[in-house]
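In: one predicted model, sequence on top.
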Amino acid sequence: MITAMKAKDKTTLSVIRMIKAALQNEKNEVGRDLTDAEELGVITREMKQRKESLEEFEKANREDLVTGVKAEIAVVEKYMPKQMDDAAIKQTVQDTITEVGATGKADFGKVMKALMPKVKGKADGAKVNAYVKELLG
């Protein structure tokens, strides 16, 4: 935050302040210090909100707002773990299907339950969901 202040980088400073506030709110809500996984969950939620905003602004042809949200997403990405590529996601899904012994669409929930802790924060849930459906059905 101090680096952003010194650089007079208003976008980075704003995003860091929003993330810090979200982390503090979550800490107050649970009544204790957050674990690393809980902190990652808050940052992931912030990223998801920005991506949803980006989609809405693009649909509404609000290029002025799209530019700002893209800059915010770039800042939040710095604090996220490295994202898995499509091949790694697909391989993890396949390994999990084999691991739980899934045979069809009826095992979708079982696969997702075992899979999500492995990819949480590292892969987009929608992509994971799509690959599970593809490989099971």
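Out: All right, it came through fine. Source: prediction; values computed, not measured.
In: so Y79, which of the three states?
Out: At Y79 the chain is in coil, as set by DSSP: H, G, I helix; E, B strand; the rest coil.
In: what are the buried residues along the helix or strand containing V128?
Out: V128 is part of helix 125-136 when elements are defined by DSSP states H and E. For helix 125-136, burial by neighbour count (16 or more other CB atoms under 10 Å) applies to 127-128, 131-132, 136. Where C-beta positions appear, they are placed from N, C-alpha and C, glycine not excepted.
In: and if you look at stretch 65-85?
Out: Applying 16+ other CB under 10 Å to stretch 65-85 flags 66, 68-69, 71-73, 75-76, 84 as buried.
In: what segments of the chain are helices?
Out: 2-6, 10-30, 36-59, 63-77, 86-100, 108-119, 125-136 (DSSP state H).
In: TSV for those, including mean pLDDT?
Out: Shown next, in TSV, are those (pLDDT from 0 to 100):
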stretch	mean pLDDT
helix 2-6	80
helix 10-30	92
helix 36-59	90
helix 63-77	91
helix 86-100	90
helix 108-119	88
helix 125-136	88
